[in-house]
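Engineer: Please find the sequence and the predicted model below.
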Amino acid sequence: MTSDDPGPGQKYALEARRHITTLEAKDLNIQIEIRWCPSHQGIEGNEIADEWAKLAADEPDTHRVE
């Protein structure tokens with residue numbers, strides 16, 4: 001989230017940063033906290049969750065709100 005260097009998921013990090021900037025511009029008192037959550041390692045159903053995530057990433061974003 002703090003780097004513009006290319007990497008996996010970089011487009012999502014950049015989009016999140018744009019949304020944060022928009023929210024901060026609307027409300028100077030807003031507090032945004034971003035926390036790192038490890039992947040689904042050690043979680044039952046990991047393979048299914050990973051498969052679903054990959055399918056969703058391949059689909060066009062039809063619910064996007066700007």
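Structural biologist: Structure's in. What do you need?
Engineer: any idea which helix or strand carries the spatially most central residue of the chain?
Structural biologist: Central residue of the chain (CA atoms, centre = their mean): Tyr12, 5.0 Å from the mean position. According to DSSP states H and E, Tyr12 maps onto helix 10-26.
Engineer: Provide the count of other residues in contact range of Glu24.
Structural biologist: 13 (other CB atoms under 10 Å). Every C-beta, even on glycine, is put in place using the N, C-alpha and C of the backbone.
Engineer: now the helices for this structure?
Structural biologist: 10-26, 46-58 (DSSP state H).
Engineer: most tightly surrounded among those?
Structural biologist: Among these, helix 10-26 has the highest mean neighbour count (mean count of other CB atoms under 10 Å), at a mean of 12.
Engineer: for it, the distance to its chain's centre please.
Structural biologist: 10 Å (CA atoms, centre = their mean, to the nearest Å).
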